[in-house]
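> Generate a structure from the sequence data that follows.
(4 chains)
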Protein chains: 4
Amino acid sequence: MSSFWNNRITFSIFGESHGPAIGIVIDNLPPGEYIDKEKLLQFMARRAPRKDGTTTPRGEKDLPEIMSGVLNDRTTGAPLCAMIQNTDTRSKDYSDLARLPRPGHADYTGAMRYQGFNDVRGGGHFSGRLTAPLCFAGAVCGQILERRGIYTGAHIASIHGIKDSMFSPTQVTKADLLAVREKAFPVIDDVQGEAMRADILKAREGGESLGGIIECAAVNVPAGIGSPMFEGLENSMAQLIFGIPAVKGLEFGAGFKVAEMVGSQDNDTFYIDESGHVKTRTNNHGGILGGISSGMPITLNVAIKPTASISKPQETVDFRAKTNEILQIKGRHDPCIVARAVPCVEAAVNIALLSHMMNYPHF
Amino acid sequence: MSSFWNNRITFSIFGESHGPAIGIVIDNLPPGEYIDKEKLLQFMARRAPRKDGTTTPRGEKDLPEIMSGVLNDRTTGAPLCAMIQNTDTRSKDYSDLARLPRPGHADYTGAMRYQGFNDVRGGGHFSGRLTAPLCFAGAVCGQILERRGIYTGAHIASIHGIKDSMFSPTQVTKADLLAVREKAFPVIDDVQGEAMRADILKAREGGESLGGIIECAAVNVPAGIGSPMFEGLENSMAQLIFGIPAVKGLEFGAGFKVAEMVGSQDNDTFYIDESGHVKTRTNNHGGILGGISSGMPITLNVAIKPTASISKPQETVDFRAKTNEILQIKGRHDPCIVARAVPCVEAAVNIALLSHMMNYPHF
Amino acid sequence: MSSFWNNRITFSIFGESHGPAIGIVIDNLPPGEYIDKEKLLQFMARRAPRKDGTTTPRGEKDLPEIMSGVLNDRTTGAPLCAMIQNTDTRSKDYSDLARLPRPGHADYTGAMRYQGFNDVRGGGHFSGRLTAPLCFAGAVCGQILERRGIYTGAHIASIHGIKDSMFSPTQVTKADLLAVREKAFPVIDDVQGEAMRADILKAREGGESLGGIIECAAVNVPAGIGSPMFEGLENSMAQLIFGIPAVKGLEFGAGFKVAEMVGSQDNDTFYIDESGHVKTRTNNHGGILGGISSGMPITLNVAIKPTASISKPQETVDFRAKTNEILQIKGRHDPCIVARAVPCVEAAVNIALLSHMMNYPHF
Amino acid sequence: MSSFWNNRITFSIFGESHGPAIGIVIDNLPPGEYIDKEKLLQFMARRAPRKDGTTTPRGEKDLPEIMSGVLNDRTTGAPLCAMIQNTDTRSKDYSDLARLPRPGHADYTGAMRYQGFNDVRGGGHFSGRLTAPLCFAGAVCGQILERRGIYTGAHIASIHGIKDSMFSPTQVTKADLLAVREKAFPVIDDVQGEAMRADILKAREGGESLGGIIECAAVNVPAGIGSPMFEGLENSMAQLIFGIPAVKGLEFGAGFKVAEMVGSQDNDTFYIDESGHVKTRTNNHGGILGGISSGMPITLNVAIKPTASISKPQETVDFRAKTNEILQIKGRHDPCIVARAVPCVEAAVNIALLSHMMNYPHF
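Numbers count the residues shown, from 1 in each chain, chains lettered A, B, ... in the order given. Alright, predicted model coming up:
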C-alpha cells in the first residue's frame, strides 16, 4: 500500500511525473452529487504554476478528464476516475538522478525502497505533480461539503519568516475563507503578500528556494464528526497531509504553543451563545476534541519546507560507486511551492471531512 | 472504525476508564518472537503514575494479562490479546459529566458523536488510560525491533517553556536512548528536569496543569523502509501519535523551523562516511524522505497540551438545559502528563516502524 | 491480518482452544442499541454442545463476559469486547500433534505458516471453538437487525444425504425462521431430523463423523443494500462464512443448479405485487443481484465437511522426522458439527448484513 | 467501498460499459518484475469475444494501455494503472433500462442502491466488461507467480449439464494447466467441448443462454501460504470470485460432496512421498486447510449462471410507474459467458495467491 487511502471515501492515486498520465480513482462518493466542472477547474488552477516567476515555468494545462463515475455531471456512485495527461515533460533534464540523488528529494530513499527500479525522471511517483489528483479529489469533496454548508479555506501564514495575518480562531467565517481563495497569491494581508513575493523572486535569483507555513480552517462542521483514538479527524487529516511532499509539521488549534500554556489558559471554556448554540470562548483545541468536531472552526497549520530542487551546486554521492560528488540541478523548478500547496492542504482537509461526515445519520 | 489500526500490524484497543478492563488485540505479529515480560513491564511502568506528586495518585498496577497469542513466552502468530483489569475506579467523582462537559475533554464531542450513549465515567473510552494498551503493543514491537538492532527512545524536550537538551539529530546513539529510558523523569539534563518537576508541583498547588514537548528518535532503521504518499512512515506515525490524547502538534526533523530556512540550509547533503555508508551532513529531514527512511536517525517532536482536568473552577454549559454553568472538577488528576506520554510516543513509533519493516524482504 | 474483519463493522477475534480465554473486539457498532443478554445467550446456546450424544461432551458454559462498549445494557459506540473463559481444557489429550498432524486439520499447514510456533493444543487458534466469539458478534448484530425488521434463520438442509425440507425461496417468512431457531436440532422436518440424529449416533459408534449442508435465509432486507464487485453482499458473506472451520462450499440462490439451466429458467422475472412492491416470481438469484439486495429473501447454502477428528486410526506423517506414521486421535470430539455450525452461518450473515446496512442513509 | 480490494496487493477497478474507458490501479506490486506484454495480451485475449458465434459480436480490441508503474517493461513499485478505451459502444440499444429493469441484471438493485443515479447504459459499472481490468491484474500477478514456479489454470467443467473431464485433484501438473490454456474453447476433452459449443449455438438460435461450471487449479503453491479465519486463501479467493458477475457458487476441493461423506472418506491422510515431501493421498481439502496452503494442488469450482440478457420477451416492471411490463432485450449478447469467465477465475486466484505469497519471508 502506498498511494491509496481507505476510509469511507477511498482513493488511489497513480502516475509519475514523466509517464503518460497521472490520475486518481475515488470510490464510494455519494451518488447524485452535481460536479460543477468550472469550479473544479478553478480549484485545480490554484495549484497550477503562476506566471509571475514565483513558480516553475513548466506549463501544463492539467485538465482532468473524467473517465468514469459521472453521468450528466452527477456522480453515479461508481468509482470516479480522473486522468491528467502529462504533456510538457523533458526527461533528459533528469538523466543523472539514478546515480546522484538530489538532496532533500526521495531519489535515494526511493532507490533503496524499490531496489533501483523506481522511475526517477522528475521524481517519478514522488513528484509534487502527484498532488494534482489529490486536488481533484479535494475539489469534488469540497463541492459536496459546501452543498451542506461546510467551507474550507487556507492561506500562506508565513514564508521565510514574513508573516501574514491569521484567521480568527473563533470568528473565522465562510466569507473570510472565500476571500482568500480568490486571490492569485493566497494571503489575507496583501502587503505582506507582496513582501513574500519579492522574497521569493530574490531567492530564485540566488539559486535558492523558500519554505513557509499554511493555515487552513473549516467552518460550519457540525459537532460530533469523527472518532476517538486512531480514526479521529486529526488522524485522518494527518495521514493525508503528510502525504503532500515537503510537509514537515502539522499542528491543530494552538498546536505547539500549548507546550507553554497552563491548563486554565489552554482549556477552551464552553458557553451558550445568543442563538442557543454550544460554543467555546477560545479555540485552542482547533475545533477537535478527542478526534471529534466540537462545532467550532477547525484550524490547523502545516509546515512546508523549501523546495528541495535548487540551482546552487550541492554535495551528494554516487551511491552505487560510493563516491562523493557535486550535483548541479538543471531544469525548471519552483523557488517556493507554498502557494501551490495551499489548495493541496484544503483538499486533504475536505477529503477527511467528507469521509467522516459520511459515517453519520445526519449526512 | 475508531480504536483499531490496520497496517501490517493490526490492533484493536478496547475498554473504558471505569469499565471492568481495558486491553488490546494485536494481529499479525511475526511468529516465534520472544516476549521478555520483565522488559515489557518496565516499558509499561514508565507510563504508570509516579509517587512524587507530578502525576495522578490513582494507583493501579496495570499488569497486563496475556490471554492469547503467546506460548512459552514466544509469539505464536495468532492474535495476541492483553488485558488490564481496572481496579481503582471511583465512579462517583464523575457524576455530573453527562450534563456539564469538562473544558478540554471529549465529554461534549463524545456525547454529540454517540448521541449521549457514551460512557462518560472517567472519560470512558476517551481516557488517557487507553494509552496503556498502546504502550503494551509498543513494548512488544520494540522488543522485536531491538532484536534487529533498531532502538527508539524519547524524552521531555520542554515543559512550560523549561527546555531539556536535545538529541543530536545526526549523532544520537542507542546509548543516548537507553540512558534516558532508565530515568524516572525522562530528561537528558537532570538539572532542567528538576526545574520542570518543581514547576509541575507548583502548578498542582495552584490547581493548574502544564503541557510540554516530547522528542523521540529511532536509530539504526535501515534505508528504504516506508512508502510514498499516504502510507509513508510519517503518515503512519502521525495516525498513531494523534491517537494519544492531548497531542496537538507533530513535526519531523527540523519541523516548523523549515518555514524560515532557505533551500540550501534545509537540504541535507549526502556524503559517504568512513565505513562506506551513505549519510547526510545534517538531518533536517528527520530520517525520512518521501515517506521512506534514509538510514539517518528518525527524529520527531510532539506537542502535549496541559492536562485538561484542573481543580480551578471553570465555565461550562449544561448542554441539554442550554444554560451556562460553573464546574469544579474533583477527583485525582495529573498536573502534567508529559512524562507519562513519553513511552506512548515511543510505542507509536515502534508500532509504525515494525509495521513498515514487515513489508520488506530483508525483515 | 488473519482473524479480524474490516468493514463498517470491524471485529477482531482472539484466543486459542486451550489458552486462558477466547474473545472478540467489535468496533463501530451503532450507539444506543439495547443488548438483550438473555436472547444473546440463547443464540450462543445454539452453538453449544448438546447432551444427546450428537456433539462433543466438552462441557463449557461459554458465558461471554462483556468487558467494554456496553453501559446499562446499551452499546456506547466504543469497541465492545466480550471474553469467554476456557475452563474445561485437558491439554494432554493433544500431546502428539506437534509431530503428527491430524488429517483434515490445520496442524500441518499451521506449523508451516507459523514456523512451528503455533499453539497446537486443541487446534489452537484454528479450533472450531473460535466460532463462539463469531456467534457473539452475530447475535449482537442480529438484535440490531431485528429491531429494523430483518430476520435471519438457518437449518440443517442435509446430513450424510438425509435431506430436510427447504425454505420457500420466495415465500419464506420471519415465522418460518423463528420456528426452526427454537428447536434443539434445527431442522424443518423433525422426522428427517430424527433420521439424521440416528445416523450421527451410528457414525459416532463407528468412530466416524458426518458432514452436511446448512441453508440460511434472511427476510425483509430492503432493496439496495450492498455494492458491486468486491464489496457486495455475497463477497462479504463469503469472506466470513469461509472463516468458519469445515466450510468447503457456498452458493447463493439456485447456486450450482444454475449451471444446468437456460437463461429463461434462471432469470427471475419482476412483477408488482398486490401491495405495490417490486418482487420476482422465482428467486434463483437468492435476493442478491450485482452484489446488492433485491428485496427478495436472501438465501444461501453452505457445505460443512465431516468433523476431521475421528477415533478410527489414520495414516499420517511425522513431518519433522519425515516418516509415515499411524495416528489414533483420543479426546472428546463432535461426531457431527453441522447443527452447531447453524448459528455460526446465521452469525456471519447477520454481521455482513449489518455492515452493509450501516452504509445507507435509511439505516 | 465497492470496486477495490485491499490486501497485500490492492487494486481499484473503474469504468462503465459505455463510458470513455475502463481500467484498474494496482498498488503494492513488487518492484523489478518483468511484464511480458505479449503474454499479458494472450491472457486478456482469452476473455475477449470469440468469432465462432458462442459469444457477443461486440468487437473491441481491449488493448490495455499502461499509464504508470512500469518502466522499461518492469514494475517500478509505484501504482500500476492500466486503461482500456471503450470504442464499440452503441448506447441507444439500452434506452429503456432506466425504467424497465432486465431480469437477472443489476438494473433494479443498482437503481435502488444509487437512488437512480447509476449509469445503466450496458449495465454501467455492473457490466461483465469490468472483468477485463480484473484479467489484466490477474495476468500480471500470474507472471510474477510463474517466475516462482506457481501455475494456475482453469477450464469449463460443464455447460448445461454437458461435462468435461476434470483435473486430477492430486496429480494435476503445470503441463495440464498450460495445455488447456492454449485452447480457444478451454476444455480438457475436445469432444465434449464440441458438444458444448453446439448446445450454445442452439441456445443462441432459440433466444436463450446457458450457464456452467468452471474448474480452476493452482500447482506448486508452497505449504504455509494463507492465514486462519477471515484472511485465509479461501476467503480471499471467495471475495474476488464473487466479484465476477454471474457467479452463484464456489466450492474448494470436494466442495458440496463433503456433505455426503463420512470423516474417514473426507480426511486426506498424509504421507511422505519418494522425494521426502509431505503429501496427502486424496485432496478433498483442495490444497487448503485452515485457510492455509498444504502444498497439494489448490482446486476449486465456480458456478456461472446463464447470461441474463436473452432475446426472448420477459416479464418485468416499470418500477417507477409500478406497472407490469414486457421487455424484449435487443443488442448484442453472449449466449454463454462461461468460456470468457475462465480467465477471470484464474485471474482472481492469481491475485489472491500473490497477495498471500507476499506476506512471507520466502517470497
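
> Just read off the phi/psi values of the residue of the stretch 1-150 of chain A found nearest chain B.
Using Cβ to the nearest Cβ, the closest approach of the stretch 1-150 of chain A to chain B is made by residue A:106 at 2.5 Å. The C-beta positions use only the backbone N, C-alpha and C, and glycine is treated the same way. Dihedral pair for residue A:106: phi -90, psi 20, per degrees, to the nearest 10.

> what does residue A:5 give?
phi -130, psi 130.

> so which helix or strand takes in residue A:83?
strand A:80-85 (DSSP states H and E).

> actually residue A:354, not the one I wrote
Following DSSP H and E, the helix or strand that holds residue A:354 is helix A:338-357.

> What is the burial count for residue A:129?
25 (other Cβ atoms under 10 Å in any protein chain shown).

> How about it: what's its closest non-neighbour residue?
Among residues not flanking residue A:129 along the chain, residue A:17 sits closest, at 4.9 Å (Cβ to Cβ, 6 or more residues apart in numbering or on different chains).

> Confirm that the one you found sits in a helix.
No. Per DSSP: H, G, I helix; E, B strand; the rest coil, residue A:17 lies outside any helix segment and is coil.

> That one against residue A:123, yeah?
Yes. The criterion here is Cβ atoms under 8 Å, and residue A:17 meets it with residue A:123 at 5.3 Å.

> Let me see the contact set for residue A:256.
Residues in contact with residue A:256 (Cβ atoms under 8 Å, 6 or more residues apart in numbering or on different chains) are B:213, B:248, B:249, B:251, B:256, B:301, B:303.

> Who are the contact partners of the fourth one?
Same thing as residue B:251. With Cβ under 8 Å, 6+ apart, residue B:251 has these contacts: A:248, A:249, A:250, A:251, A:256, A:303, B:300, B:301.

> Work out for me the element it sits within.
Using DSSP H and E, residue B:251 sits within strand B:247-252.

> Following the chain onward from that strand, which element is next?
helix B:263-266.

> Indicate each strand paired with the helix or strand following that next one and its parallel or antiparallel sense.
Where DSSP H and E defines the elements, the next helix or strand beyond helix B:263-266 is strand B:270-272. Using DSSP bridges, strand B:270-272 pairs in its sheet with strand B:278-280 (antiparallel).

> The residue of the stretch 1-150 of chain A closest to chain B contacts residue B:289, doesn't it?
Yes. Shown here, residue A:106 and residue B:289 form a contact pair, counting by Cβ under 8 Å, at 4.8 Å.

> Taking helix A:338-357 as reference, get the angle to the helix or strand where residue A:196 lies.
Applying DSSP H and E as the criterion places residue A:196 in helix A:190-205. Helix A:190-205 runs at 120 degrees relative to helix A:338-357, counting by axes from the mean of the first three to the mean of the last three Cα atoms, to 10 degrees.

> near chain C, which residues of the stretch 201-350 of chain A show up?
residue A:228 (Cβ under 8 Å from any Cβ of the partner chain).

> Poorly predicted segments of the stretch 201-350 of chain A, please.
Regions of the stretch 201-350 of chain A meeting the criterion pLDDT under 70 are absent.

> SS state for the closest residue to chain D within it?
When scored by Cβ to the nearest Cβ, the stretch 201-350 of chain A has residue A:243 as its residue closest to chain D, at 13.2 Å. Look at residue A:243: counting by three-state DSSP, its state is coil.

> do the same with residue A:42
Residue A:42 is classified as helix under three-state DSSP.

> Read off the pLDDT value for it.
pLDDT for residue A:42: 96.

> Check residue A:99 too.
86.

> which SS class is it?
Secondary structure state of residue A:99, per three-state DSSP, is coil.

> any idea how far residue B:269 is from it?
From residue A:99 across to residue B:269, the span is 16 Å (Cβ to Cβ, to the nearest Å).

> And residue A:42, by the same measure?
Distance, residue A:42 to residue B:269, using Cβ to Cβ: 40 Å.

> Those two: who's more crowded?
residue B:269 (18 against 14).

> Once you drop chain neighbours, what's closest to the more buried one?
residue A:315 (3.9 Å).

> Over to that neighbour. Which of the three states is it?
Relying on three-state DSSP, one would call residue A:315 strand.

> and what of residue A:153?
Residue A:153 is classified as strand under three-state DSSP.

> before we move on, back to that, okay but the residue nearest to residue B:269 is in contact with residue A:102, surely?
No. Contact criterion Cβ under 8 Å: residue A:315 and residue A:102 do not qualify, at 11.2 Å.

> right, quick check: stretch A:133-142 against chain B, any contact?
No. Using Cβ under 8 Å from any Cβ, we find that stretch A:133-142 stays clear of chain B, coming within 8.6 Å at best.

> CA atoms of that stretch as CSV?
The C-alpha coordinates for stretch A:133-142 follow below in CSV (Å, rounded to 0.1, in the frame of the first residue of the first chain):
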residue,chain,number,x,y,z
PRO,A,133,-5.1,14.3,-8.4
LEU,A,134,-5.3,15.0,-4.7
CYS,A,135,-6.6,18.4,-5.5
PHE,A,136,-9.1,16.9,-7.9
ALA,A,137,-10.5,14.7,-5.1
GLY,A,138,-10.4,17.6,-2.7
ALA,A,139,-12.3,19.8,-5.1
VAL,A,140,-15.0,17.2,-5.6
CYS,A,141,-15.3,16.6,-1.9
GLY,A,142,-15.4,20.3,-1.2
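
> Distance from the chain centre to that stretch, please.
Between the centre of stretch A:133-142 and the centre of its chain there are 10 Å (Cα atoms, centre = their mean, to the nearest Å).

> any residue of it up close to chain D?
No. Stretch A:133-142 lies apart from chain D when judged by Cβ under 8 Å from any Cβ; the minimum separation is 10.7 Å.

> neighbouring contacts of that stretch?
Contacts for stretch A:133-142 (Cβ under 8 Å, 6+ apart): A:9, A:11, A:13-15, A:22-24, A:26, A:29, A:33, A:35, A:39-40, A:43-44, A:46-47, A:64, A:80, A:82, A:84, A:152, A:240, A:243-244, A:343-344, A:346-351, A:353-354.

> same check, this time on stretch A:346-353
Under Cβ under 8 Å, 6+ apart, the answer for stretch A:346-353 is A:5, A:7, A:9, A:11, A:43, A:131, A:134-135, A:137-139, A:141-142, A:145, A:150, A:152-154, A:216, A:218, A:221, A:225, A:233, A:236-237, A:240-241, A:243-244, A:298, A:300.

> How about the stretch 151-300 of chain A: which residue is closest to chain C?
Chain C sits closest to residue A:228 of the stretch 151-300 of chain A, with a gap of 7.4 Å, by Cβ to the nearest Cβ.

> How about the contacts made by that residue?
Contacts of residue A:228 (Cβ under 8 Å, 6+ apart): A:290, A:291, A:292, B:2, B:3, B:106, B:110, B:125, B:126, C:78.

> at 10 Å what do you get?
Taking Cβ atoms under 10 Å, 6 or more residues apart in numbering or on different chains as the contact definition, residue A:228 lies against A:235, A:290-292, B:2-3, B:13, B:106, B:109-110, B:113-114, B:118, B:123-127, B:130, B:243, B:245, C:77-79.

> Then residue A:239?
Counted by Cβ under 10 Å, 6+ apart, residue A:239 has contacts A:5, A:7, A:230-231, A:348, A:352, B:229-232, B:234-240, B:242.

> Of those residues, keep whichever come out buried.
Taking 16 or more other Cβ atoms under 10 Å in any protein chain shown as the criterion, what is buried in these is A:5, A:7, A:230-231, A:348, A:352, B:229-232, B:234-240, B:242.

> Among those residues, which ones are in strands?
Taking DSSP state E, the ones among the buried ones among the contacts of residue A:239 that sit in strands are residue A:5.

> Please save the CA atoms from stretch A:289-300 in CSV.
C-alpha atoms of stretch A:289-300 as CSV (Å, rounded to 0.1, in the frame of the first residue of the first chain):
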residue,chain,number,x,y,z
LEU,A,289,-11.6,17.2,21.0
GLY,A,290,-11.0,13.5,21.3
GLY,A,291,-10.8,13.3,17.5
ILE,A,292,-14.3,14.6,17.2
SER,A,293,-15.5,18.0,16.0
SER,A,294,-16.9,20.5,18.6
GLY,A,295,-18.7,22.7,16.2
MET,A,296,-16.0,25.4,16.5
PRO,A,297,-13.9,26.2,13.4
ILE,A,298,-11.4,23.5,12.6
THR,A,299,-7.9,25.1,12.4
LEU,A,300,-4.5,23.7,11.5
